[in-house]
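# just to be clear, the model below is a prediction. Sequence and coordinates:
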Amino acid sequence: MSPILIMEDIDAGYGDVVIVHNVSIRVDEGEIVAIVGPNGSGKSTLLKSLLGFARLFRGRAFYQGRDVTGMASDKLVSLGIGYVPQVDNVFANLTIAENLDMGAYHRKGRDSIRAGVAEIYEMFPELGARKDSLAGNLSGGERQMLAIARAMMAEPKVLLLDEPLASLSPKPTKVILSKLEKIEETGTAIVIVEQNVRKALSVSKRGYVLVDGVCAMEGDADSLLTEDVSKQRYLGLEAKGY
Ligand SMILES: Nc1ncnc2c1ncn2[C@@H]1O[C@H](COP(=O)(O)OP(=O)(O)O)[C@@H](O)[C@H]1O
Ligand SMILES: [Mg+2]
């Protein structure tokens, strides 16, 4: 499998403060990769530095082999990099259908948009059933589903999700994870940033563990999950009962 996204030797942060130190990640076509670690470890900052929402001090990004370092976020989206931020990721005062239309701005013509929406409702029947409901009236899980669906309208080849499971109870968590597996089946790669280490690794092929802005561990998801107890404690897996 060839890499779809590479971030290499990234130093990133805000203002003059460097938060992420020398982090490199690789995502192969069609695979799910987890970036896990405790709150404040720099996971969101790493993603944001790709999109230009955090300051990139050093390092380069390659998408499909092309150097995209410093490229504007809308250009990245049109190339096939989907991004779902952790908060404010849907328009609360628009309906589900309207939110999906907003995700289709790059598509040419009504027919193409309609076809895209039909595909989305096939993958997310829960959304189709409530297409005229305001996003603001949805449950946390439904809203997260809509945010992901909206990003899928742009037909990304790699989807970057910032904490899609945050504050979801077990049932919606399971639903979202199964949607991610469905998306993976379509050939779209996914980067899932999560504090919920166990859940994120359970659907991932590989993972990176960020602690205090540095990559403390990386490897196959299975081997990260079965790391020895001292490392599990270090990941916060034990204390939080994940
Ligand atoms: N916009 C910002 N300006 C300044 N510091 C920030 C900003 N956003 C996050 N930080 C700081 O960067 C550090 C890492 O944050 P973040 O990347 O959000 O961590 P994570 O996503 O792993 O929880 C934290 O110490 C946080 O306070
Ligand atoms: Mg975060």
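Received the coordinates, thanks. Numbering: from 1, shown residues only. Ligands and ions are numbered 1, 2, ... in the order given.

# how about the nearest residue to residue 28, chain neighbours excluded?
Leaving aside its chain neighbours, residue 28 sits nearest to residue 1 (4.0 Å; criterion: C-beta to C-beta, 6 or more residues apart in numbering). Bear in mind the C-beta positions are built from the backbone N, C-alpha and C, glycine included.

# all helices in the chain, in order from the N-terminus.
Using DSSP state H, the helices of the chain run over residues 43-51, 73-79, 96-102, 110-123, 125-128, 140-152, 170-185, 197-202, 221-225, 229-235, 237-240.

# same list, those helices, but as CSV with mean neighbour count and mean pLDDT please.
As requested, the helices of the chain are arranged in CSV below (neighbours: other C-beta atoms under 10 Å; pLDDT from 0 to 100):
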stretch, mean neighbour count, mean pLDDT
helix 43-51, 24, 98
helix 73-79, 15, 94
helix 96-102, 20, 93
helix 110-123, 15, 88
helix 125-128, 17, 96
helix 140-152, 23, 96
helix 170-185, 16, 96
helix 197-202, 21, 92
helix 221-225, 17, 90
helix 229-235, 14, 55
helix 237-240, 13, 50
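
# so how far is residue 79 from the residue nearest to residue 28?
Applying C-beta to C-beta, to the nearest Å, the value for residue 1 to residue 79 is 19 Å.

# rewinding a little: can you redo the helices of the chain as JSON lines with distance to residue 26?
Listed next are the helices of the chain as JSON lines, based on distance: least, C-beta to C-beta, whole Å:
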{"stretch": "helix 43-51", "distance to residue 26": "13"}
{"stretch": "helix 73-79", "distance to residue 26": "17"}
{"stretch": "helix 96-102", "distance to residue 26": "31"}
{"stretch": "helix 110-123", "distance to residue 26": "27"}
{"stretch": "helix 125-128", "distance to residue 26": "32"}
{"stretch": "helix 140-152", "distance to residue 26": "21"}
{"stretch": "helix 170-185", "distance to residue 26": "17"}
{"stretch": "helix 197-202", "distance to residue 26": "17"}
{"stretch": "helix 221-225", "distance to residue 26": "14"}
{"stretch": "helix 229-235", "distance to residue 26": "21"}
{"stretch": "helix 237-240", "distance to residue 26": "24"}
